[in-house]
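Asker: Need a 3D model of the following:
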Amino acid sequence: MKIFFALMLISLTAAADVEVDGYARRDGTYVQPHYRTAPDSNFNNNYSSQGNQNPYTGQQGYQTQPSTNPYGGQPLGGNPQTFGGDYR
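Answerer: Have a look, this model is predicted:
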């Protein structure tokens, strides 16, 4: 019975993942094929988010929730022109 639940948990994890093919970057660096979480707008369900662990590599998440601009939902800091809107 424990094996059944373990297999079910693994299949549920895999269902939310996307396989990324290997590719070459502009600078010629080759990126190996890998898995990542399916894209969505939820920061907290990514392997690299703090408190999560990548089930394929065992690596702990390290990224913290980015601050957002209350006027546009964009990260704070940087060039205000990148946010759009009127900055007078």
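Asker: can you give me the helices in the protein?
Answerer: Assigned by DSSP state H, the helices in the chain fall at 2-15.
Asker: Where does the prediction get shaky in the chain?
Answerer: The chain contains residues with pLDDT under 70 at 1-15, 67-88.
Asker: Strands of that one, start to end?
Answerer: Here the chain has its strands, by DSSP state E, at 17-20, 23-24, 30-31, 34-37.
Asker: Tell me the neighbouring strands of the second one, and mark each as parallel or antiparallel.
Answerer: The reference is to strand 23-24. Within its sheet, strand 23-24 is paired with strand 30-31 (antiparallel), according to DSSP bridges.
Asker: So what touches the strand it pairs with?
Answerer: Strand 30-31 is contacted from outside by 22, 23, 24, 25, using C-beta atoms under 8 Å, 6 or more residues apart in numbering. C-betas here are computed from N, CA, C, even on glycine.
Asker: What about the first one, how many residues nearby?
Answerer: Spelled out, that is residue 22. As a burial measure, residue 22 scores 9 neighbours (other C-beta atoms under 10 Å).
Asker: Compute the distance between it and residue 59, please.
Answerer: Relative to residue 59, residue 22 is positioned 19 Å away (C-beta to C-beta, to the nearest Å).
Asker: Please identify the most buried of the strands of the chain.
Answerer: strand 34-37 (a mean of 15; mean count of other C-beta atoms under 10 Å).
Asker: helices or strands next to that strand in the packing?
Answerer: In terms of contacts (3 or more C-beta pairs under 8 Å, 6 or more residues apart in numbering; DSSP states H and E), strand 34-37 is packed against strand 17-20.
Asker: re the thing from before, adding distance to residue 49, write the strands of the chain out as CSV.
Answerer: Shown next, in CSV, are the strands of the chain (distance: least, C-beta to C-beta, whole Å):
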stretch, distance to residue 49
strand 17-20, 15
strand 23-24, 24
strand 30-31, 21
strand 34-37, 9
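Asker: who wins for proximity to residue 51 among the ones you listed?
Answerer: Nearest of the strands of the chain to residue 51, taken as C-beta to C-beta: strand 34-37 at 13.9 Å.
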